[in-house]
Each structure stands twice: as C-alpha cells, then as structure tokens.
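# sequence and predicted model, in that order:
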Amino acid sequence: MTEADLLSKMDGCVVVLGTGGTIAGRASRPDDLSGYVAGQVAVADLVRDIPALASGLFEVEQVAQVDSKDMDLVVWQALVARVAHHLARPEVVGVVVTHGTDTLEETAYLLQSVLKPRKPVVLTCAMRPATALVPDGPQNLSDAVLLARRAGAKGVVAVCAAKVHSAFDVVKAHTYQVDAFDSGDAGPIGVVEHGQVRLFRAWPAFADTADRETGVFDASSVKRFLKATRLPRVEIVLSHAAADGLMVRCLLDHGLNQSPAPLQGIVVAGTGNGTIHRSLLSALEDAMAAGVRVVRSTRCARGWVSTDPTGIPDSDGLPPLKARLALMLNLLPG
Ligand code: SIN
C-alpha cells in the first residue's frame, strides 16, 4: 500500500448501514448475555466512540432493525439497494453493514452474489448485546471500518473476533462463543492485528465482475434482484439414518401448486460426500421428474461434494444454506 493509497482511503467516506442483530441488542442488566432483545440500539449510537471512525469521513444509515433470524426479501432488497447506492458514489471507499450473527452468512453470500462489488462491503456483528459488561460489537465495528478503508479491499467479507472471512466460506459455527464464525477448509482470508490487516489470501471476487454501467458492482444483477416480488421456493431436506422421503413427498403433494410460491427447488444436505438414503433418493427422483431442480450438498461442516452416479448436480462446494440461495438466485426471473 502506497502513502497515496493510504491518504486517498482516509479522505474517502465509509458508510455504516445498520440492520439490527445482537450488536444492536439491549438487555436489562449488563451481565445478561442471553435474555436480551436484538435490534434495539440505533446504528447512529453504535458508531459513537469508535476510534477508527473518528479519523476519517463516515456516514450512518439505519436500513432495518431486525433480529436476523427474521431476515426476508424486503430487508434484503432494501439492503442491496442502499449498498449499491453508496458504492456508486465516487467518494465512498467502502460500506460496513452491522448484522445479526444468525443469518449473516446468508446475507454475505447474497450481497456478494448479487452485487459482485469492486469496493469492500464488510459485514460485522456481535455475540454479546450492546449493553453487555464487555461487549464485542465495538471492536468488531472498528475492525470493519479498518477493512472498509483498506486499499485494494474488494468484495463482501465478514469480520468477527478479528478474523476476516470471505462471503463464500463464512459460516456461523458456535452458538454463543465470541469467536463464532469459521471458514472451513479455506480458513479466514486474514486477521486484524494491532490495528493492521494481515491478509492470507485474495479478497472475494467473481470471474465476471465487469460492469458496463457502474464499474463498481453488477448493475444488471442488482436490477434483477430488486425487481423480484418473491423469492423462488427452494427447500432444504436432510438425509439421515432411517430417512423415508416423507418430507419430499409432502413438498410434492402440497408445494408444487402452492400459490404464489410453488416449489421450484430442493437442496438435499446429504451424508458425507453428499450421499442420500435410498428412500429419500427415490422421492428426490420423483421431484426431478416433476420438474423440481435438486442440488446435492452435505450435512458435514467441511469438504466439498464430488459428482456421484445419482445424476443430481452437486452444490459446487456450497453448504446447504448457500446452495439454497444460489439456486434461488438462479431461478429468479430475468
Ligand atoms: C441476530 O442474528 O439478529 C441475533 C443473534 C445475533 O446477532 O447474535
């Protein structure tokens, strides 16, 4: 990073968008780390006293105020629209999004897939509410701002407990520990140490990030996503011992003609290398014969699924939740 890069990044503006989550959670007592309500504190209050913000231009905007377990298309569309708006502003060097931890990996993957941004979009979060005796949110937010200002940064990443995760790999791996996220076999793309970013590998990118309209994100993909009136219905089923395919048969009986969102896809979280109990497989073959798109992922926390003789396409390394999003985005009307 040259001195000029550093100066231009400091002169540029970071926009912090709030969506809720535990980082904005409030409890009645500082020692209550579980009985709090997520999405209570305004993002304008969260950014107060963050030293990384004091040393550069920044703006804040409250896009939503939700517990991320309740994430939906309306909030996602609002977020995509606001991130796109700010990324297109030449003076904005990066966007930070405060988000609940529970569906952070889904929003990260969605933002990366839809926007394919050439500037950094940094999601951050907290496992302890803002009212905790020792909250983790302020440090995470400070690290996120540092990343958003980092010269050369691009794509969607998440930072939590000083680890920087790519949108492709990040998963929530722990129910309550502060270091709750993992990037599987790939590992984090870097760490934040002593106020510096140490990178282990490249920023997330798609092969085709070229954009004719904005040069900063994929405008046609954003338009397509913002036009959607509903998400295509893609359900996840799990293969396990003594599976009998009933879930899939129920989906076929009740979902195929479900209005306004008929069943269009199923992601199967298979055993091991994406293998599927023979009774479930037979139900999935019926689903494919009925025109439902089926994708094979794995219930294992680590590893890719290779091709197998079932003829069911694999998820290209994506875990079930992200494979579902990839299929939903693929099924959106053009
Ligand atoms: C949420 O996901 O909004 C609540 C849980 C959390 O942020 O840790």
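Structure's in. What do you need?
# now the residue nearest to Val234 when sequence neighbours are not counted: how far from Ile312?
Using C-beta to C-beta, 6 or more residues apart in numbering and skipping residues adjacent in sequence, the residue nearest Val234 is Gly265, 3.7 Å away. (Each C-beta comes from the backbone N, C-alpha and C, glycine too.) Here Gly265 is placed at a distance of 12 Å from Ile312 (C-beta to C-beta, to the nearest Å).
# and the residue of the stretch 51-200 of the chain found nearest the ligand, helix, strand or coil?
The ligand sits closest to Gly100 of the stretch 51-200 of the chain, with a gap of 2.0 Å, by C-beta to the nearest ligand atom. Here Gly100 is recorded as coil under DSSP: H, G, I helix; E, B strand; the rest coil.
# isn't it right next to Gly21, touching?
Yes. The pair Gly100 / Gly21 is scored as a contact, 3.0 Å apart, by C-beta atoms under 8 Å.
# more neighbours, these two?
Gly21 (32 against 25; other C-beta atoms under 10 Å).
# hmm, back to that, find residues that contact each of Gly100 and Gly21.
When contacts are counted by C-beta atoms under 8 Å, 6 or more residues apart in numbering, Gly100 and Gly21 are jointly contacted by Ala38, Gly39, Val66, Asp67, Ser68, Cys125.
# which of those residues has the most neighbours?
For the shared contacts of Gly100 and Gly21, neighbours were counted using other C-beta under 10 Å, and Cys125 has the most, 29 neighbours in all.
# which parts of the stretch 101-250 of the chain are helices?
Ranges of helices within the stretch 101-250 of the chain are 104-115, 137-149, 219-227, 246-255, based on DSSP state H, counting those that start in this stretch.
# okay, the angle between the third one and helix 104-115?
I take that to be helix 219-227. With axes from the mean of the first three to the mean of the last three C-alpha atoms, to 10 degrees applied, the angle from helix 219-227 to helix 104-115 works out at 120 degrees.
# next: the second one.
Taking the same axes, to 10 degrees, one finds that helix 137-149 is oriented at 20 degrees with respect to helix 104-115.
# other SSEs contacting helix 137-149?
The elements that helix 137-149 packs onto, with contact taken as 3 or more C-beta pairs under 8 Å, 6 or more residues apart in numbering; DSSP states H and E, are strand 13-20, helix 43-46, helix 51-54, strand 92-98, strand 120-124, strand 155-160, strand 190-193.
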